[in-house]
Structures are given as C-alpha cells and as structure tokens.
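*Asks:* Turn this into a model:
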Amino acid sequence: MKQNRRRLLTSLGAGLGMASAPVSALGRQIGDSRALGTSRVPRLKIKEVRAVELRSFGSRFVRVYTDQGLTGTGEMVDNVGSAQIINEKMGPAIAGRDPLDIEAIYFHFWGWGQVPGTTWPVFMRGSGGGPYLSALSGIEIALWDLAGKALGAPVYRLLGGKVRDRIAVYFWGPGDDAETMIRQHGIRAFKMGIDVGVTERGDPSWRLDPGKRSHWTVTNREIDAIVRSVQNARERVGPDVELGVECHTRYNTESAIQIGRAVAPFRPMWLEEPIPSDNLDAMALVRRSIPVPVACGENIYTRYGYRQVMEKQAAAIIQPDMTKCGGLLETRKIASLAEIYHVDLAPHGTASPLAGMAYAHVCATVPNFLILEFGHLLRQQSAPLRALLRNQPRYEKGFVHIPEAPGIGIEVNDDAIRENLAPGFRWS
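*Replies:* This is a model prediction of the structure:
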C-alpha cells in the first residue's frame, strides 16, 4: 500500500515538471490532494514582493515570490514611484498571505481588513489613479500569473474561460513603414496621432495663440492639415485596414466636434480622446455630435471611474490600461459594466508583450471585446524591450493567439533584467 502510494506521488510530481525523488513539498501537497479526492490547490505563502525600474525602459516589472519557490511576474507603466511603493510599503504588507486570495489582497489595499494605522483607501479606492493604484495593478497581474502556475492553468481559465481563441490587435502608426508592415505582417488595424505634425512639425503661426503647446482651439488651416494627414494615412493603409485617430486630449469641445466631422469621410475606427476625460458631459456632447465612434479611458481608473462614462453614454469604446486602472480582474469588471450599455472594450496597451499577453487573457473572456493595442510586438524600435523577455506572443495576420501554458505564458529574461536595472534596485 505504501509502495503504491509512493509511486503515485512520484508520478504526479514528475507530471508537474518536478523532481521525482525526492518529491517536493508542493508536489506532495498536490499529490496528497489528488489521492484523497480533495482540492488540488497548493498551500502557499507570499515570501516577498519585489519591483524594479530599468534603465531606458518605461516598463517596471514586479515579481511575487512564495515560500515554495513558485513565482509570478507582472508589469506597470506610465508611473513614477510605484516600484518603491511596492518594495517599501505594499510588498511587506502582504508578506505571509496566501497569494491565491487575489480578491482579498486587492481589497486589503482598498480598506477591507486594512492594517491599523495605514491609509491605503486614501490612495486606492474610487476613480483616482496614481502610483499606488499602478503598484496595486502590477502586483495583481503578478498574482494572476502565479495563480495560473500554481493551478496548472492559463489565466483566462481562471477568469471564466475564453469566448475566442485569438485576439485582434492593432499597432501604432502609420509611419513611413506602414505599408511595409501591412504587407509583411498582415496588419489589420493601425492608429495614428493627429497632434504630431500639426504642432511639433507644423507652423505655429497657424494658431490663434502660437505660444500654446497644444492645439486646444484649431484654425481652419489646422483642420485642413489634419484632414490631409488622415487622408494620406487612409491612402497608405488602404480601405480594408482599420484606422484609429488619436487626439491625445489636445482639443476643446467645439474643435473636437469640427475635427470629428471633417475626418468622417475617411471612416476612422474611432476618434480617441478628442478632449480630456475630466468632463464626461463634454465628452458625451462630442459623441452625440460627430458620425465617428468616440473612444476614451486610458486615464480613467477602476469601475468607479467608468460608472459615469456609462451613465452619461460618453463613449462608444472604452480603453482601460490594465497596468494602472486596477489590474486584470478590475478590467473584467469594467468590461461587464460596459456590456450592459452595449459599449465595446479596446484596452490601451503601451507595455511590453508580458503585460500585453496578460491583457489578451482578459480580452479572451470578454464578450464585448473589440481590439487590443499591442504596439511593442512588431515595430523595429521595440526590439530592446522585447529582448527583456524569454519568449514572445504568437502573432499571425492581425491576431495574437492565447497560450495554453500556465499563468500568462510569457516569461521575463532574468539575466537581461539584471543587466538593465536602474541604480538602487535588485532582481532576486
């Protein structure tokens, strides 16, 4: 009897990629659970949470370590100070906890079961963003990666299962290489910016207030320049490639309406952030006034921030950034809220393919998903960032495929991370 049980545990450990003799503690836990017909969830504790900044890269990586050697890796972008917050504050606060209690850890920082004397809810809860919420987002992504590895399942399985096998993606541009990229890679969607080339490279004397760094109010000559820019882009990419038009919040309400009407003949996929997202009544007015879908959301945070977007029907397409809006499950909740209002999800994505693939796992589970920004996957200038990873997403003719590997399915190159560490950081 004992001999048969020993053989069972050994075979289970080997099937999990563990040493067969002796069987690891994690292998014994899973083996014992299977033998007894009980839960296969391993018993883990968070040992350390470590985040790093890198030289010359905007991405910050975060890793959760456990007492049994299992780890998960996440990512943060567009923030200053989140790595220090994790290393000095948030990481130590969750040491010793079960890393699979992701929702409980999330709400620990939102104020449920908070440590006496802390002020986490002041920085986390509600619709505000900032480095604390970015830090929480990075930790949350790492926890999902760890959970998938602990349970032997891809992240999408843990979020409810997929409704699609591949994810439509779009890329930045179109620059001078747009036609080449479309021909070589079968790209189906591009996004262009209409602020670049009208101010930085344009003639400031066109503007009524030449000293302004942003357009805000546009003149007829500027609108004509924008129309030519969009027309040229449409001619380069052709009629079958979707073309998003990015405004980077540069305009006031009336100028955004004029621009939206002027570029409508070129059938853009959307007009992105035509005005800042701090006045959703004005955004709703723009949406009602132009025959082009309005997209926004990279600077809107948590489902509490998106509540008014939906109630005011301010956007046709929402673009949460999962590395700073609350993480993967929070974005899944935002998507469910949007689904009620028949609004599509097109997540903002300027992170490396590690976080990009984490986004893709969420998108695989969302019925109202439209398309995912995946700018660092193919462009030549993104090669140094891709070199920080051990493997890359599988891309094919405008889509990335969802991996079946446990966790996110993308791993960082630890040696490359160490070689690029910013001063004062360490990668265990």
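*Asks:* give me the element Met192 is part of.
*Replies:* For Met192, the enclosing helix or strand under DSSP states H and E is strand 189-193.
*Asks:* Name every strand pairing with that strand and say which way it goes.
*Replies:* Using DSSP bridges, strand 189-193 pairs in its sheet with strand 166-172 (parallel), strand 242-246 (parallel).
*Asks:* Indicate which one of those strands is closest to Arg287.
*Replies:* Set against Arg287 and scored by CB to CB, those come closest in strand 242-246, at 14.3 Å. (C-beta placed from N, C-alpha, C; glycine too.)
*Asks:* okay, now the domains of this structure?
*Replies:* Per automatic domain parsing, the structural domains of the chain span 2-36, 47-151, 158-409.
*Asks:* Redo the ones you listed as CSV? Include mean neighbour count.
*Replies:* Below are the domains of the chain laid out as CSV (neighbours: other CB atoms under 10 Å):
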stretch, mean neighbour count
domain 2-36, 15
domain 47-151, 20
domain 158-409, 19
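*Asks:* Tell me which of these sits nearest to Trp427.
*Replies:* Ranking the domains of the chain by proximity to Trp427 (CB to CB) places domain 47-151 first, at 5.4 Å.
*Asks:* Give me the average confidence score over stretch 399-406.
*Replies:* Mean pLDDT, stretch 399-406: 96.
*Asks:* Name the surrounding residues that touch it.
*Replies:* Under the criterion CB atoms under 8 Å, 6 or more residues apart in numbering, residues 148-149, 151-154, 156, 162, 165-169, 356-357, 360-361, 364, 372, 374, 377, 393-395, 409-410 lie in contact with stretch 399-406.
*Asks:* helices and strands around the helix or strand following the strand holding Met192, which ones?
*Replies:* Next along the chain after strand 189-193, taking DSSP H and E as the criterion, comes helix 220-237. Packing partners of helix 220-237 (3 or more CB pairs under 8 Å, 6 or more residues apart in numbering; DSSP states H and E): helix 178-185, strand 189-193, strand 242-246, helix 253-263.
*Asks:* Kindly calculate the angle that the second one makes with helix 220-237.
*Replies:* Right, strand 189-193. Counting by axes from the mean of the first three to the mean of the last three CA atoms, to 10 degrees, strand 189-193 points 160 degrees away from the direction of helix 220-237.
*Asks:* Could you tell me which helix of the chain is the longest one?
*Replies:* Longest helix of the chain, by residue count under DSSP state H: helix 131-151.
*Asks:* Packing partners of the helix or strand following that one?
*Replies:* With elements assigned by DSSP H and E, the helix or strand that comes after helix 131-151 is helix 155-158. For helix 155-158, the packing partners by 3+ CB pairs under 8 Å, 6+ apart come out as helix 131-151, helix 353-365.
*Asks:* ok, 10 Å please
*Replies:* If you count contacts as 3 or more CB pairs under 10 Å, 6 or more residues apart in numbering; DSSP states H and E, helix 155-158 packs onto helix 131-151, helix 328-340, helix 353-365.
*Asks:* Torsion angles phi and psi at the residue most central in space within the chain?
*Replies:* In the chain, the C-alpha nearest the mean C-alpha coordinate belongs to Met322, at 3.7 Å (CA atoms, centre = their mean). Reported as degrees, to the nearest 10, the phi and psi values for Met322 are phi -70, psi -20.
*Asks:* give the contact list for the nearest residue to it once chain neighbours are set aside.
*Replies:* Of all residues not flanking Met322 in the chain, Thr331 sits nearest, at 4.8 Å (CB to CB, 6 or more residues apart in numbering). For Thr331, the contact set (CB atoms under 10 Å, 6 or more residues apart in numbering) comprises 137, 140, 159, 302-303, 306, 318, 320-322, 325, 345, 347, 358-359, 362-363, 366.
*Asks:* which residues touch the helix or strand encompassing Gly305?
*Replies:* Element membership for Gly305, per DSSP H and E: helix 302-311. Residues outside helix 302-311 that contact it (CB under 10 Å, 6+ apart) are 110, 124-129, 133, 137, 277, 280-281, 283-284, 296-297, 299-300, 314-315, 318, 320, 325-327, 330-343.
*Asks:* next one: it to chain centre, how far?
*Replies:* Helix 302-311 sits 18 Å away from the centroid of its parent chain (CA atoms, centre = their mean, to the nearest Å).
*Asks:* how many degrees apart are that helix and helix 131-151 in direction?
*Replies:* 110 degrees.
*Asks:* Follow the chain on from helix 302-311 and name the next helix or strand.
*Replies:* Helices and strands here follow DSSP H and E; after helix 302-311, the next one along the chain is strand 317-318.
*Asks:* could you say what helices and strands that following strand packs with?
*Replies:* With contacts defined as 3+ CB pairs under 10 Å, 6+ apart, the packing partners of strand 317-318 are strand 270-272, strand 294-296, helix 302-311, helix 328-340, strand 344-345.
*Asks:* Any chance of TSV for those, columns mean pLDDT?
*Replies:* Rendered in TSV, the data for those read as follows (pLDDT from 0 to 100):
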stretch	mean pLDDT
strand 270-272	98
strand 294-296	98
helix 302-311	96
helix 328-340	98
strand 344-345	98
